[in-house]
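K.L.:
Model the following, please.
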Amino acid sequence: MDLISRISENFSESAHLKLQSMDALAGPIAAAAKRMVQCLNSDGKILACGNGGSAADCQHFSAELLNRFEMERPGLAAIALTTDSSTLTSIANDYDYEQVFSKQIRALGNVKDLLVAISTSGNSRNVLAAVHAAHECQMGVIALTGRNGGKLGEILQPSDIHICVPATSTARIQEVHLLALHCLCDAIDCLLLGVE
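P.N.:
Model (predicted):
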C-alpha cells in the first residue's frame, strides 16, 4: 500500500468536493448566517446538537461563537447540547438516548432561539427528535447534512435552512461541514462588525 498516494487522494477528494459544493452551499450558508445574526440581535441563543464527529463540530462552533473566531468581539450566546455528561447520561439512562437533545431543547429553548442540527446521514434519531422539539418550541432550524438529507431533510419546515453536502463519504461530508461552520462564523462576524 502506497500511503503517500492514498493521503494525496484524500486531500484531492476533499478539495474537489469543497469546490464542487461551493455554488450549492454558499446561498444556504449566507442565509443561515443572517438568521443567526437576527437571532443573536434579538437576545436569542444558538443551540447545537449532533453525534460523534458532529458533536465535536457542535462544540467547535459553539466555542468560536462564545469566545471568538478571527476578530475581537463580545461573546455570542451559543450552547453545545453535547457537552454536559451528567445531563446526557441521566436522560439516556432514565428515558432513552433518542431524547438526549430534545429534553434539553424543551427546557432551554424558546421562540427567539435557533437550533443547529448536524447529521451526516440526516437519519440520527436523537437529532430528528431535537428538530421536532425545536419546532414545538417555535424555534428555527439550521440543518447540516449530507447525501440526500435523509429524514432530517424531509421534516424541515419551509422557514428552516438546509445545508446539504452533495457527497456520500462521512469523512468528506464532515470536512465540508467544518468549512461551512467556519464560513458561518466569519459571516456572523462580518455582519455584526460591519466588515466588508
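K.L.:
mind checking the longest strand of the chain?
P.N.:
strand 140-146 (DSSP state E).
K.L.:
So for whichever helix or strand comes after it, what gets flagged as buried?
P.N.:
Later in the chain than strand 140-146, the nearest helix or strand by DSSP states H and E is helix 150-155. For helix 150-155, burial by neighbour count (16 or more other C-beta atoms under 10 Å) applies to 150-153, 155. All C-beta atoms are positioned from the backbone trio N, CA, C, and that covers glycine.
K.L.:
One more: stretch 136-153?
P.N.:
Those would be 137, 139-147, 149-153, for stretch 136-153 by 16+ other C-beta under 10 Å.
K.L.:
Just the CA trace of that stretch, in PDB.
P.N.:
What follows is stretch 136-153, C-alpha atoms only, in PDB (Å, rounded to 0.1, in the frame of the first residue of the first chain):
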ATOM      1  CA  GLU A 136     -42.600  22.600  19.200                       C
ATOM      2  CA  CYS A 137     -40.800  25.500  20.800                       C
ATOM      3  CA  GLN A 138     -41.300  27.500  17.600                       C
ATOM      4  CA  MET A 139     -37.500  27.700  17.100                       C
ATOM      5  CA  GLY A 140     -36.000  27.900  13.600                       C
ATOM      6  CA  VAL A 141     -33.600  25.100  12.500                       C
ATOM      7  CA  ILE A 142     -30.400  25.200  10.600                       C
ATOM      8  CA  ALA A 143     -29.600  21.700   9.400                       C
ATOM      9  CA  LEU A 144     -26.200  20.400   8.200                       C
ATOM     10  CA  THR A 145     -26.500  17.000   6.500                       C
ATOM     11  CA  GLY A 146     -25.000  15.100   3.600                       C
ATOM     12  CA  ARG A 147     -26.100  12.500   1.000                       C
ATOM     13  CA  ASN A 148     -29.700  13.300   0.200                       C
ATOM     14  CA  GLY A 149     -30.500  14.900   3.500                       C
ATOM     15  CA  GLY A 150     -32.200  11.800   4.900                       C
ATOM     16  CA  LYS A 151     -35.300  12.000   7.100                       C
ATOM     17  CA  LEU A 152     -34.000  15.300   8.600                       C
ATOM     18  CA  GLY A 153     -34.300  17.000   5.200                       C
END
